[in-house]
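*Asks:* Here is my input; please provide its structure:
(one chain, ligands or ions: 2)
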Amino acid sequence: VTKPLKVAVAGLGTVGAGVLKLLRRNAGHLAARCGREIVVTAVSARDRNRDRGLDLSGIEWFDDAAAMASRADAGVVVELIGGSDGVAHDLVRESFRVGRHVITANKALLAEHGAPLAAAAEEAGVALAYEAAVAGGIPIVKALREGLAANEVNSLYGILNGTSNYILTEMRESRRDFADVLADAQAAGYAEADPSFDVDGVDAAHKLAILTSLAFGTKTDFGSVLVEGIRNISLQDIDFAEELGYRIKLLAIARRTPHGIEQRVHPTMVNREAAIARVEGVTNAVMVDAVPVSATVYQGAGAGEGPTASAVVADILDIAAGRRLPTFGVPAAQLVDLTPADMDQHAGAYYVRLTVRDQPGVIADVSAALRDENVSLESMLQRGRSPDAAVPVVLTTHDTVEAAMKKALARIASLDTVLEPPCMIRIEE
Ligand code: NDP
Ligand code: HSE
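*Replies:* Ligands and ions are numbered 1, 2, ... in the order given. Below is the predicted model:
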């Protein structure tokens, strides 16, 4: 009879509690899947007295998570605390030191320290598994590392942050304001401990950095991701997008270019009829374009207790069954440095919303700034007439080089008649 797999869980919040519940609820089915029982022998969290709706009797409690890594009676340590450094990092390092497998949902940790941690796991002869770190319940790590292993990936893009997609969807559908909807996402357990990571694009950028490594065999390079969030997207932009036939999504995009690998996260206007425009609420989606398979699509719940626990437990099953692959699909020593593409050379179309003083000559000045930088206008909209008051003017461009767009916008922003910083959103067809 194969011995049970003993598991120590650090962090009993949304995800940690979800993992314990799922392991209990599906114990029989899980044992059948991996050929052995899975037993949680130790847990750690900050507050021992907090009611988590869980029966923790018979499970050893540790106040110190890193001490649990070395002292618990367990072969696997599951890190569900969060944060790129501090206790989560210490816990993972300590687990490797004492030869325990690690499972984590911590994208910040992997985006910042992916390659060295992968090397440390290999050196220790243990697994570093992280299916839950990207796109919640969608098995995108497995898809890239295993299902698509025979392919060369050209590009991938998707919606990788459930909270911000939920906010954009709710703002559009229920016309509630940003702060109100964010509070809902927090209550539902979707948001990060610091929700600015969600709304400022950082969380999606963490996940993109991980997918880039899996897709292109490069070391995680979070520092080279262009990161813009949704904080400045207004209901006005959402309405103008609809009027122009677009929908605004926080897209994460990684692709090979002749100059290197482009990694970017930013609000994007996508065609309202495109499949990605219909990915709503907390749902995530990833589209991968690879040779020879061509396009494949992955979609599902991107955050929350159940979907994330599903991914963590899948990793536990792999370890229980003895299935283990290099962290990013190739041995850590074969991961190459990423050559980042220069975003200034990026070419695409742009949406710009200006708040201008309604007076003669404004549009001529804006048009002149665009003309001087060779930016070709596709459309311009002005709503209402309110002499000398602030009015919105919206324009879209034909394909333009980003450096030229930036120069034109800097000049437009400096005009006396332009009353607020321009809001620029990239358009992807
Ligand atoms: P929570 O804030 O709900 O839970 C964090 C847990 O960590 C809490 O139980 C907390 O203890 C515990 N903790 C904090 N500091 C320490 C410490 N020093 N020592 C021991 N335990 C500590 O976070 P989530 O469950 O939402 O997220 C956990 C991880 O999963 C993060 O990396 C997150 O990015 C990731 N993730 C989250 C998803 C989600 O939908 N929520 C989805 C995918 C990934 P206490 O309860 O006592 O305060
Ligand atoms: N805060 C994250 C999100 C959790 O909203 O997508 C899932 O990683």
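*Asks:* show me the contacts for whatever residue of the chain ends up closest to ligand 1.
*Replies:* Nearest residue of the chain to ligand 1 (C-beta to the nearest ligand atom) works out as residue 13 at 1.9 Å. Every residue, glycine included, has its C-beta placed from N, CA and C. Contact analysis of residue 13 by C-beta atoms under 8 Å, 6 or more residues apart in numbering lists 45, 80, 189.
*Asks:* What pLDDT does the model give residue 383?
*Replies:* pLDDT recorded at residue 383 is 78.
*Asks:* Quick check: the gap between the nearest residue in space to it that is not next to it in sequence and residue 211.
*Replies:* Nearest non-adjacent residue to residue 383, counting by C-beta to C-beta, 6 or more residues apart in numbering: residue 392, 6.2 Å away. The gap separating residue 392 from residue 211 is 36 Å, by C-beta to C-beta, to the nearest Å.
*Asks:* if you count what's nearby, which of those two comes out ahead?
*Replies:* Set side by side, residue 392 and residue 211 show more neighbours around residue 211, with 26 against 18, by other C-beta atoms under 10 Å.
*Asks:* got a list of what the residue lying farthest from the centre of the chain touches?
*Replies:* Most distant residue from the mean C-alpha position of the chain: residue 360, 44.4 Å away (C-alpha atoms, centre = their mean). With contacts defined as C-beta under 8 Å, 6+ apart, residue 360 is in contact with no residue.
*Asks:* now residue 186
*Replies:* residue 195.
*Asks:* that's a strand at it, yeah?
*Replies:* No: assessed by DSSP: H, G, I helix; E, B strand; the rest coil, residue 186 does not belong to a strand; its assignment is helix.
*Asks:* Just give me the residue closest to the centre of this structure.
*Replies:* The geometric centre of the chain, computed from its C-alpha atoms, lies nearest to residue 204 (C-alpha atoms, centre = their mean), at 2.3 Å.
*Asks:* Alongside ligand 1, which residues does this structure contribute?
*Replies:* With C-beta under 6 Å from any ligand atom as the criterion, the chain meets ligand 1 at residues 10-16, 44-47, 50, 65, 80-82, 87, 105-106, 132, 136, 189-190, 192-193, 303-304, 308.
*Asks:* Please, where are all the helices along the stretch 201-350 of the chain?
*Replies:* 202-216, 235-244, 305-320 (DSSP state H, counting those that start in this stretch).
*Asks:* Could you point out which of the ones you listed sits nearest ligand 2?
*Replies:* Smallest distance to ligand 2 across the helices of the stretch 201-350 of the chain (C-beta to the nearest ligand atom): 5.2 Å, for helix 202-216.
*Asks:* For residue 337, grab the count of nearby residues.
*Replies:* Using other C-beta under 10 Å, residue 337 has 9 neighbouring residues.
*Asks:* Next one: the closest residue in space to residue 125 that isn't next to it in sequence, what pLDDT does it get?
*Replies:* Nearest non-adjacent residue to residue 125, counting by C-beta to C-beta, 6+ apart: residue 99, 6.9 Å away. Note for residue 99: predicted pLDDT of 98.
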